[in-house]
Every structure is written in structure tokens, then in C-alpha cells.
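In: mind looking at a prediction? Sequence and model below.
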Amino acid sequence: MIYLDHNATTPLGPEALEAMLPWLGERWGNPSSPHRFGHEARVAVEGARERIAACIGCRPSEIVFCGSGTESDNLALRGTAHALRPKGSHIVTTAIEHHAVLHTCRALEAEGFRVTYLPVDAGGVVDLDALEVSLGPETTLVSVMHANNDTGVVQPVEEIATLTRERGIRLHVDAVQTAGKLARRPGDLGADLVTFSAHKLYGPKGVGALYVREGTLLTPVTTGGGHERGLRAGTENVAGIVGFAEAAARTFDGLEAEGRRVGALRDRLERQLLEAVPRVKVNGAGSTRVPNTSSLSFQGIDGESIVLGLDLRGICASTGSACSTGEPEPSHVLLAMGLSRREAQGSIRLSLGRATHDEDVDATVVALAETVQQLRRISSVR
Amino acid sequence: MTNAPDEPKPAAGTPTGPVLFYTETLLEHFRNPRNVGELAEADTDGFGLVGDPSCGDQMKLWIAVRGGRIAKIAFQSFGCPGAIATSSMLTELADGKSVEEARRITDDDVIEALGGIPENKKHCSLLGVQALQVAIEDWERRQEVKAARS
């Protein structure tokens, strides 16, 4: 199997698995318990918090562990919106956010908040002028992803941070797709809130984190005990958190060399593909992208059929369209970039990772060329 | 009901094959769709073009009718695996049938012949059936035109 869907999830690194095992086995204490058995779990959680803070470039007290990137986004958006409601009820985000942000914004709209969804240009980059114009005295929060999960296009977060800081507006950045991929430390982006997910950087599923800049007021979404400084009630996922820290330390450690290696493979893949297959387009090719992601649109055929064709040839890819999840709508990200519905429908995403090597890229190009040729033979659209 | 592959038919919705939510029969039709292509103008007695506005899928279907039976059938499909496989299966079900029998083929017949289809893919299975209906209507219109001329 050739796995090219690392933006969906990454395999659990062996070192992370190793670090987790004791906490799934004999060391099963509750970190909040007032005895030595609980205390050793507390020590593990706080040690993990320190390691992750060191990766991100923040204080350990600024890390809130939670159950996923989605939950982290929810805490950032709902937590800020509710905490600052007396100040204003306007939120600004972009049309290309992950559903974790978009659907949370929709839910906040139903509660009476006003949300602006900023457009992006043809390269998939958010329109800074539109952003500046959208900010008003009522605006309390701007939420922008660091890089898009479909296209890998990196957003100008630092410039956005300058605009929000001048106006005293909170900035939330979903860094799920960049953490461990880009050299810039997330803590240095200028954001007040940053979302992370363990399973996108070779850690376990079911663990996320929110960086909360010191002094940033949030209303908790989950209420209960006083875990995570009262921001996320619920007994900590000790093994998951320990695995997250181990994976993050490994990933951030070799980040630049791995980024260069994977970037060269991605470029090789796109170059070979453009030579082997006619009528194909690389989305966001002219923009700054994370090094592992390639979004491709094939004229006249359907992305889901391409993905199945690749699957039958032993290659795991993903579609730009959400059709397989029951939504027949093509990718909102590609539509926002100005692709036609049919172009968006003919899109797939390849996302490379640690296990990807030259021969995988070469085999993928051959399989894609075959699949595309076969589907174009069947197609009623040229 | 099904007139070709001899392979055993899994129960409706049975998750088999490399992709858990498609049946082996569906995957086989996706890999080797039957009756792909178009009929020459001279051979065509009916043509149907339909699209699914909800997902952008499109299908073209040609029929040749001899003695009231579907003598040749061909299709082209732009769409997801469900659309391709159901269209292929539909042409197989319709081939050789009388026009009246072919007209009575439903999407449930196609789904059953494929051994089931994921719930969210059911709308895809409508396209082939609709295209066949349109092609048969086209054939009828052409018959009327011919009758009026003679």
C-alpha cells in the first residue's frame, strides 16, 4: 500500500507508541488523584505539556489539552465569542476554513453572532484588503487557518496578526496542517489562540491542544471539574497526551530536513504527472504551500472515481470533494478559489509523509495515468 | 435478473473488497464497465442525456431498437463510482429486453443486481434509469415522426 493521505491522518510513530504503552498498561492512575499513583500520571501530563510548549515556543501554562483539533477549534471560537460578547458579536473567518471552524461559525450565527466569511484569490490565499475592511468595533475574533487542508496553501497569518493586534481583536489560527511542517514556531505567529492535533504529526488520534496566550479570556465549552485550568473539564487522556508530546518532539526536531525531502518528492510528483497526463491542473501551485500537499484537478472525470481507481491499484488518496461523506457538494475550498463545480468535482488530494519515497511517487504517477485514461474513456464530458 | 457475470452475488450492502462500502459486483462493473462508448448516428434509434444537478454527474445513453427489442445499448458517464457502476449494470439489464420490459427497470432493480449500494450513493443509481427512460421516449418520438412521414 502506498499511503498518500497524510493530511487526513498520519501513522502513529513507533516512538510515540512506545511512550504511550505504560500509560495504557500498569500506570493507569488519574492525574487528579491525591496519591502517588495519581501523581505519577500528573507528572507525565505536565512533562508532556512542557515538551509541547518547547516545540511551539510558548509557556507550558499556555497549552490546553483536549480531544481533537475540532474540539480545540470549538473552544477557541465559542470560548472567545461568548467571553467577549459584551464587547461585540462580530467574527471574521474565511471561506476556506475546515468544517470544524465553518460549522462552528454557523452555530454561532444561529446564536445571534454575525460572521463574515472572507474570499480567497485564485491561488487560495485570503484577501487581506477584504479582511481589513471587514474589521469593525464590533469584531472580537478573527479565525484563519495557517494552511489549508485541501490545497496546502499557506495563509498570511503574520500580516493578519498585525492587523488584529493594532485593533485589539483576538486572532485564532488553526495550525493543524502546519504544525511540524513549517519552520515558523506556532507561538511566534502572533496569534492569541492556535489549534493543534496530535494525529496529524504522527501522534495518536483523540488528542488535540489549544495554545491560549497568557491573559486571553475564554468561556469553557465543556463544564465539569477544574481540569486544564477550568477550560476543558474531563479526566486527561494521559497516554494520548504523552504520545502527542513524543510525536511532536520528534516531528519538530527533524522538521526542516524532512520538509525539504518531502517537498522535493511532491514537486517531482507534480512534474512527472504534468508530463504524463494531459488536461490536469495543480491547484494553488503559484502560492506558498506546505511541502507535502498536492491538490490536482483532472478535466472531464470525477475525483471520487479517481480515488477508487487508485485504491484498486493499492494507493490511498483522497478527494477534494466531500461526496463520499454523504455530501454531494464539491470542495468548498476549490469553489472559493474560483474553480467551476465540474473542475472541483474532478479533484483529488495527495498528501505525502514520512513513509513516502521516490518509488512511491513514480508508482503513483503510473497508476494515476492509467486511472485517468480509463475514466476519460468512459466519460461523457471532454 | 442479471444476465452477465457469473460470480456469486453478495447480499445487499455486504461490505467486501478493498473498499469496504462497495460490493465486489459494483467494483467489478467500475473496473470493467459494460457497453461503454457511443452508437453511430446511423445505428441510434434513441438517445438520452441526463444530469444530476445535486452532484454534477452526467450520463449519455444510446439505444438501437430492432423488432421492439433493445438490440444495442451504449453509455458514457461523468460521475462517481456509483454512477459508473449503476450505469454499466443498467445497460446490462436492458440489453436484449423488449422496450416495454426495459422501461420497467427501476433503480431498485439496478441496486439489487449490484448487490447493494451505500445509502449516500443511491441518488447516483437514478441517472442510468433516467437516461434509459429519456432514450426510450426519444425512440418513440422518432417512431412517430417516421409514421407521420410514411
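Out: Alright, I've got the coordinates.
In: just the CA trace of the helix or strand hosting B:M89, in CSV.
Out: Secondary structure from DSSP states H and E places B:M89 in helix B:81-94. Provided in CSV are the C-alpha atoms of helix B:81-94 (Å, rounded to 0.1, in the frame of the first residue of the first chain):
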residue,chain,number,x,y,z
PRO,B,81,-18.0,5.1,-8.9
GLY,B,82,-21.7,4.6,-8.1
ALA,B,83,-22.8,6.4,-11.2
ILE,B,84,-20.4,4.4,-13.4
ALA,B,85,-21.3,1.0,-12.0
THR,B,86,-25.0,1.6,-11.9
SER,B,87,-25.0,2.8,-15.5
SER,B,88,-23.0,-0.2,-16.6
MET,B,89,-25.3,-2.6,-14.8
LEU,B,90,-28.4,-0.8,-16.2
THR,B,91,-27.1,-1.3,-19.8
GLU,B,92,-26.5,-5.0,-19.0
LEU,B,93,-30.1,-5.4,-17.6
ALA,B,94,-31.6,-3.6,-20.5
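In: what does chain B put close to chain A?
Out: B:18-19, B:22, B:27, B:30-31, B:33, B:36, B:49, B:52, B:54-60, B:75-81, B:83-84, B:119-120, B:123 (Cβ under 8 Å from any Cβ of the partner chain). From N, CA and C alone the C-beta is placed, and that goes for glycine too.
In: so which of the residues you listed belong to helices?
Out: B:27, B:30-31, B:81, B:83-84 (DSSP state H).
In: buried only: go through those residues for me.
Out: B:27, B:30, B:81, B:83-84 (16 or more other Cβ atoms under 10 Å in any protein chain shown).
In: widest-spaced pair of these?
Out: Farthest pair in those (Cβ to Cβ) is B:L27 and B:A83. Separation: 14.1 Å.
In: wait, A:S318 touches A:S351, no?
Out: Yes: counting by Cβ atoms under 8 Å, A:S351 is a contact partner of A:S318 at 7.4 Å.
In: mind listing the shared neighbours of these two?
Out: Taking Cβ atoms under 8 Å, 6 or more residues apart in numbering or on different chains as the contact rule, A:S318 and A:S351 both touch A:5, A:7-8.
In: please enumerate the strands of chain B.
Out: Secondary structure of chain B (DSSP state E): strands located at B:46-51, B:58-66, B:69-78.
In: those into TSV, with extra columns for distance to A:L163?
Out: Shown next, in TSV, are the strands of chain B (distance: least, Cβ to Cβ, whole Å):
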stretch	distance to A:L163
strand B:46-51	44
strand B:58-66	44
strand B:69-78	43
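In: re the thing from before, just the buried subset of the shared contacts of A:S318 and A:S351, please.
Out: Of the shared contacts of A:S318 and A:S351, these count as buried by 16+ other Cβ under 10 Å: A:5, A:7.
In: in JSON lines: the shared contacts of A:S318 and A:S351, plus secondary structure and pLDDT.
Out: Formatted as JSON lines, the shared contacts of A:S318 and A:S351 follow (DSSP: H, G, I helix; E, B strand; the rest coil; pLDDT from 0 to 100):
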{"residue": "A:D5", "secondary structure": "strand", "pLDDT": "96"}
{"residue": "A:N7", "secondary structure": "coil", "pLDDT": "95"}
{"residue": "A:A8", "secondary structure": "coil", "pLDDT": "95"}
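In: could I get the full set of strands for the stretch 51-200 of chain A?
Out: Along the stretch 51-200 of chain A, counting by DSSP state E, counting those that start in this stretch, strands occupy A:63-66, A:90-94, A:114-118, A:139-145, A:170-174, A:193-197.
In: now the fourth one: how far from the chain's centre is it?
Out: Centre-to-centre, strand A:139-145 and its host chain are 16 Å apart (Cα atoms, centre = their mean, to the nearest Å).
In: quick one, it and strand A:170-174 angle?
Out: 20 degrees (axes from the mean of the first three to the mean of the last three Cα atoms, to 10 degrees).
In: quick one: residues in contact with strand A:139-145.
Out: Here strand A:139-145 has contacts from A:73, A:76-77, A:80-81, A:84-85, A:87-94, A:96-98, A:101, A:105, A:126, A:131, A:135, A:155, A:157, A:160, A:163-164, A:167, A:169-177, using Cβ under 8 Å, 6+ apart.
In: what's the angle between it and strand A:90-94?
Out: Counting by the same axes, to 10 degrees, strand A:139-145 lies at 20 degrees to strand A:90-94.
In: do the last one as well
Out: Per the same axes, to 10 degrees, the angle that strand A:193-197 makes with strand A:90-94 is 50 degrees.
In: can you list contacts of strand A:193-197?
Out: So strand A:193-197 is contacted by A:52, A:56, A:68-69, A:72-73, A:76, A:80, A:170-176, A:179, A:186-187, A:207-213, A:216, A:218, A:248 (Cβ under 8 Å, 6+ apart).
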